[in-house]
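1. next comes the sequence, and after it the predicted model I'd like to discuss.
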Amino acid sequence: MDRLAIDGGKPVRKNLLPYGHQWVDEADIQAVVEVLRSDWLTTGPKVEEFERAFADFVGTKEAVAVSNGTAALHTAMHTAGTGPGDEVIVPPMTFAASANCVVFQGGTPVFADVDPETLLLDPGAVEAKITPPRTKAIIAVDYAGQPCDYDALRAIANRHDLILVADACHALGGTYKGRPVGSLADLSTFSFHPVKHITTGEGGMITTDDPKLAQRMRVFRNHGITTDHRQREQQGSWFYEMVDLGYNYRLTDLQCALGISQLRKLSVWVARRQKIARRYDEVFAEVPAVEPLAVREDVSHAYHLYMVKLDLTKLRVTRAEVFAALRAENIGANVHYIPVCWHPYYQRLGYKRGLCPVAETAYEQLLTLPMFPAMSDQDVDDVIEAMQKVIGCYAA
Ligand SMILES: *Cc1c(COP(=O)(O)O)cnc(C)c1O
């Protein structure tokens with residue numbers, strides 16, 4: 001057995017392979033340059049064009065572009081009408097913004113535990129946390145890129161008159177029972193951060209089939225003002241009214257042009273992610289102590305992240321040591337996520353450890369492995385080799 005790089009051996013590869021990375025090509029660059037030469041750098045024709053293309057891709061009537069995924073979540077919470085005294089059910093196994101958006105509106109996030117196999121929001125746990133009349137909405141997170149069980153969540157939402165929001169930031173390009181992610185909830189939110197499926201540098205989108213909600217969101221992203229600068233220009237008018245308190249959550253034309261160009265490649269990129277995942281799955285099925293997360297049969301997983309659970313009873317070390325050893329081999333392993341309710345901010349708000357035992361136990365075992373479409377076959381082989389080397393060395 002080769003000596004581990006962390007013990008002074010030769011690393012599997014020379015430079016660090018990150019867990020995620022954007023793919024920007026010449027067509028993307030040209031699209032942005034064209035906007036730079038045009039009259040509209042922000043809130044011009046590219047915003048509508050990106051929104052239309054995105055809505056068509058996910059099969060909704062409407063898509064509303066905003067400045068990032070967190071703004072998308074905030075906009076969704078505002079549009080869902082959540083406020084002080086309201087409770088919104090969220091999973092703990094997610095990025096902090098999934099819960100923060102509830103707090104932005106003065107509401108209270110209520111953490112419901114996840115399913116032990118998929119680490120997706122457990123519909124049974126959701127139902128147990130509903131406290132009428134305070135519960136207003138559910139935020140389902142398509143963790144790692146696997147869509148949640150939307151039929152079950154929809155039934156619960158209907159039964160209790162709740163708004164169903166999908167934090168689909170991980171799952172663009174996925175499907176549930178043949179239906180595209182983005183069309184599965186009342187409001188679905190996306191992020192275009194460079195590690196996500198497509199990028200606009202920073203960017204976000206909310207999709208819905210309800211034109212009234214879309215209109216409210218367009219007002220909210222523009223200070224609560226009813227018309228935007230370009231609409232007034234086209235109408236030859238200076239008059240506008242601020243009808244609600246909003247923010248500047250606009251996405252620029254530069255970014256939308258990049259988004260349109262990136263979106264054209266999305267399907268090919270998702271297919272590449274799925275192919276890499278199949279390779280990992282096959283190999284890790286034979287590696288003791290490494291368990292890929294379960295994938296349900298009725299979904300197409302978009303693989304924003306490729307996660308494995310370590311069976312620590314079969315290892316002599318902790319997850320932290322496996323992580324450090326992989327980094328030394330120049331494999332940019334990561335961990336997604338520290339349960340949101342464990343962060344000092346939420347601890348100060350009074351959320352106690354032990355609230356969501358399934359997520360909290362899984363957290364100690366989780367490892368994120370590199371997964372992005374621009375990875376070469378050699379990169380994939382390096383991850384596999386490093387995993388076999390490190391796990392082999394640390395086997396109990
Ligand atoms: C990335 C992400 C966000 C936030 O998106 P930003 O564009 O970084 O603001 C929210 N929720 C989840 C699940 C994410 O992965």
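-> Perfect, thanks for sending it.
2. what residues does the stretch 101-250 of the chain put near the ligand?
-> 141, 167, 169-170, 191, 193, 204 (CB under 6 Å from any ligand atom). All C-beta atoms are positioned from the backbone trio N, CA, C, and that covers glycine.
3. now the residues you listed in CSV, with neighbour count and secondary structure?
-> Compiled in CSV, these are given as follows (neighbours: other CB atoms under 10 Å; DSSP: H, G, I helix; E, B strand; the rest coil):
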residue, neighbour count, secondary structure
141, 28, strand
167, 31, strand
169, 30, coil
170, 26, coil
191, 30, strand
193, 18, coil
204, 28, strand
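4. what is the nearest of the residues you listed to residue 236?
-> residue 204 (31.7 Å; CB to CB).
5. what is the burial count for residue 56?
-> Per other CB atoms under 10 Å, the neighbour tally for residue 56 reads 11.
6. ok, residues contacting the strand or helix carrying it?
-> Element membership for residue 56, per DSSP states H and E: helix 45-58. Identification of contacts with helix 45-58 by CB atoms under 8 Å, 6 or more residues apart in numbering yields 35, 40, 61-65, 172, 180-183, 188, 190, 205, 207, 250-251, 253-254, 256-257, 259-260, 263, 266.
7. closest residue of the stretch 251-396 of the chain to the ligand?
-> Closest to the ligand within the stretch 251-396 of the chain is residue 304: 7.0 Å, counting by CB to the nearest ligand atom.
8. what is the burial count for that residue?
-> If we define neighbours as other CB under 10 Å, then residue 304 has 29 of them.
9. what's the answer for residue 178, then?
-> Residue 178, neighbours per other CB under 10 Å, totals 8.
10. ok, now residue 230?
-> 17.
11. same check on residue 242?
-> 12.
12. what does residue 286 give?
-> That count, for residue 286 with other CB under 10 Å as the rule, works out to 8.
13. next: residue 148.
-> 32.
14. give me the three-state assignment for it.
-> Assigned by DSSP: H, G, I helix; E, B strand; the rest coil, the conformation of residue 148 is coil.
15. quick one on the thing from earlier: got the residues of the stretch 101-250 of the chain next to the ligand as TSV, with pLDDT columns?
-> TSV is the format used below for these (pLDDT from 0 to 100):
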residue	pLDDT
141	98
167	98
169	98
170	98
191	98
193	98
204	98
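16. for the stretch 151-300 of the chain, just list every one of the strands.
-> 163-167, 175-176, 179-180, 187-191, 204-208, 290-292, 299-300 (DSSP state E, counting those that start in this stretch).
17. list the buried residues in the first one.
-> Of the residues in strand 163-167, those buried by neighbour count under the rule 16 or more other CB atoms under 10 Å are 163-167.
18. out of those, who's nearest residue 156?
-> residue 164 (8.5 Å).
19. list the contacts of the closest one.
-> Contacts of residue 164 by CB under 8 Å, 6+ apart are 137-138, 140, 150, 153-154, 157, 185-187.
20. residue 326: which of the residues of the stretch 101-250 of the chain next to the ligand is nearest?
-> Residue 326 lies nearest to residue 170 out of these, by CB to CB, at 21.6 Å.
21. measure the closest residue in space to the closest one that isn't next to it in sequence to residue 334 for me?
-> Spatial nearest neighbour of residue 170, chain neighbours left out: residue 304 (3.7 Å); criterion: CB to CB, 6 or more residues apart in numbering. Counting by CB to CB, to the nearest Å, the separation of residue 304 from residue 334 is 12 Å.
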